[in-house]
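Asks: give me a model of this one.
(one chain, ligands or ions: 1)
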Amino acid sequence: KKLPPGPTSLPLIGNIHQLVYYIWRERGVVRAFTYFRKTYGDVFTLWFGPIPHVSICDYETSQEVFVKNGNKYKDRFLPPVFAHVSDNLGLVSANGEVWAEMRRFTLLAFRNMGVGRDLMEERILDELDARCAEIDADAVNGKTIVHTSDFFDLTVGSVINNTLVGKRFDAHNKQEFLELKALMESTADLFSIFDLSLPVWIMKTFFPNRYSRIIEVQQKVLNFVSREAMERYNKWKSGEYTVNSEDPQDFVEAYLAKMEQEEKNGESSLYTMECLKHVIGDLWFAGQDTTSTTLVSGFNQLVNHPEVMEKCKKELMRLTENGSRPLRLKDRAESQYLNAVIAEIQRHASILSVNFWRINHEPTVVKGYPVDSGSVITAQLGALHVNNDIFKNAHEFYPDRFIENEKLLNQVIPFGIGKRSCVGENIARSEMYLMIGNLILRYDIKAHGSLPSTDDKLPYSAGKLPDKTMKLEFVRL
Ligand code: HEM
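Replies: Below you'll find the predicted structure:
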């Protein structure tokens, strides 16, 4: 096989033994990738059993491969059990026509719902106002103590739910959110490395109980997350509810409007309720924990760097005439320091230590190396964000690096790159800007008790996890 360089592989197991060894020696997955990058260059190959995985650890090559030649790398490479469970429906785990159609539709629906602009801004600010009212009501001697992770989980979950099915979570239906969150988390414990590598027929034949449990939990999650969409669909079919196709108020209404239109045209359609269940599940799953985790990781950094928060506050006070109005998305052009702080938060949070894989169906060339078809390829975002050649003293939390060199901002790509990059990027960027900015503007914020750790709590796994034990003290200004 023609492939970029990498450690010598063994038959059957490939480089798995070296990978395990270097993850252990370097004390983490991202550090092991950094070791391979330094040894073999920005593009290297690791064989996971019989399949070669090409990792790209620099921005320029990622841009060349996934943007300029993006059409060649559109398909996700999925563990067999994932492909089986998703049945090629939805967004994250679908490929081909279904994925392309659902992605196009989702981006259009988000745009029509005002994502990145005024309408979405209102939704986020309303949510934040409601949560801040709770903080203020709970204040004792002017101070409120809040569990950071619970706070952002609910705030972000509420924005997503409101966008998807038009319902926010508050004190009355918080239990519903907690149930959904617990269900989502139960799927994370469902798959071991072992399950991910087995062909489905082996699983069905030799581990039928495990197989049934995976299917059962997946169905339970999808049914729960899409229950309101199903209710509305049934009401629409029985004539109890009319779809507002001119101005859909949420994602489900936009989808039902599309179904109605396709039904009228009398063509066979990809827009089925089964597919909607998967799309909603994917948007919920990919959108809630990612954003909330980034915000928690960000506030862990901020309370450890009060001087950064102070500098932000000064900038935001100036932009909002001393806090007499909320910070808005239109302020982004003027808030260079807050923009730099968010970029530095995302660079450190960089939630995927191992990014999703794509498959190349035809022979290509990557950074001058020929790559045969059938390889698996990805931009390793975690390793890319700690590259000391690009981000000097990468381990330091130093937002000013982006003020000193604005071009560095482009090199931070936490939402991935190219055709399969994050569809929720604009929502997440709006949430982070408005939530971080307006909280700093409204409150003096400190850690309650000892300062949180800024280390990754799961360095040996595919995803990063910040210290989620921290509580924040809010004092209204
Ligand atoms: C800070 C928050 C977020 C981060 C860091 C993040 C990061 C990512 C990354 C790295 C990918 C994979 C890109 C690739 O394969 O190259 C992705 C995909 C995706 N994200 Fe996000 N995401 C965030 C928020 C959201 C939100 C708010 C939503 C939904 C509203 C969302 C929905 C999705 C979906 C559906 C995909 C799959 C896209 C596809 O396969 O075409 N994400 N995200």
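Asks: tell me who's in contact with residue 336.
Replies: Going by C-beta atoms under 8 Å, 6 or more residues apart in numbering, residue 336 touches 315, 403. Glycine gets a C-beta too; all of them are placed from N, C-alpha and C.
Asks: so where do the helices sit in the stretch 251-400 of the chain?
Replies: Using DSSP state H, counting those that start in this stretch, the helices assigned to the stretch 251-400 of the chain run over residues 251-265, 273-304, 306-319, 336-349, 381-385, 400-404.
Asks: close to the ligand, is the fourth one?
Replies: No: for helix 336-349 and the ligand, the contact criterion (C-beta under 6 Å from any ligand atom) is not met; the two come no nearer than 6.7 Å.
Asks: mind listing what's buried in that helix?
Replies: Judged by neighbour count using 16 or more other C-beta atoms under 10 Å, the buried positions of helix 336-349 are 337-349.
Asks: which residues touch stretch 228-237?
Replies: Contacts for stretch 228-237 (C-beta under 8 Å, 6+ apart): 165, 167, 223, 241-243, 252-253, 255-256, 260, 273, 276-277, 280.
Asks: show me how to select, in PyMOL, the buried members of those residues.
Replies: Listed next is the PyMOL selection for buried residues among the contacts of stretch 228-237, using 16+ other C-beta under 10 Å:
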select buried, resi 165+243+252+253+255+256+276+277+280
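Asks: which pair in the contacts of stretch 228-237 has the greatest spatial separation?
Replies: Largest separation among these by C-beta to C-beta: 223 and 242, giving 25.2 Å.
Asks: ok, whichever residue of the stretch 201-350 of the chain sits closest to the ligand - contacts?
Replies: Distances between the stretch 201-350 of the chain and the ligand by C-beta to the nearest ligand atom are smallest at residue 287, namely 2.9 Å. Taking C-beta under 8 Å, 6+ apart, we find residue 287 in contact with 156, 160, 424, 427-428.
Asks: one more time with 10 Å
Replies: Contact partners of residue 287, counting by C-beta atoms under 10 Å, 6 or more residues apart in numbering, are 156-157, 159-160, 163-164, 422-424, 427-428, 431.
Asks: so residue 181, which state does it fall into?
Replies: Under DSSP: H, G, I helix; E, B strand; the rest coil, the three-state class of residue 181 is helix.
Asks: can you start the count at 591 instead of 1 from here on
Replies: Done: numbering now begins at 591, and the last item shifts to residue 771.
Asks: any idea how many residues pack against it?
Replies: Residues lying near residue 771 (other C-beta atoms under 10 Å) number 18.
Asks: over to residue 791?
Replies: By other C-beta under 10 Å, neighbour count at residue 791 equals 10.
Asks: and what of residue 775?
Replies: Using other C-beta under 10 Å, residue 775 has 12 other residues around it.
Asks: for it, report the pLDDT, please.
Replies: pLDDT, residue 775: 83.
Asks: surely it meets residue 879?
Replies: Yes: in this structure, residue 775 is within contact of residue 879 by C-beta atoms under 10 Å, at 8.3 Å.
Asks: residue in the chain nearest to the ligand?
Replies: Closest point on the chain to the ligand, by C-beta to the nearest ligand atom, is residue 1014, at 2.0 Å.
Asks: contacts only, for that residue.
Replies: Contact analysis of residue 1014 by C-beta under 10 Å, 6+ apart lists 681, 696-697, 700, 705, 750, 753, 872-873, 876-878, 880-881, 1005, 1021.
Asks: how about residue 1048?
Replies: Per C-beta under 10 Å, 6+ apart, neighbours of residue 1048: 618-619, 943, 1054-1056.
Asks: what about it, distance to residue 882?
Replies: With distances taken as C-beta to C-beta, to the nearest Å, residue 1048 is found 16 Å from residue 882.
Asks: please apply the same query to residue 699.
Replies: Separation of residue 699 from residue 882 (C-beta to C-beta) stands at 23 Å.
Asks: more crowded one of those two?
Replies: Taking other C-beta under 10 Å, residue 699 and residue 882 do not tie; residue 882 has more neighbours (24 against 21).
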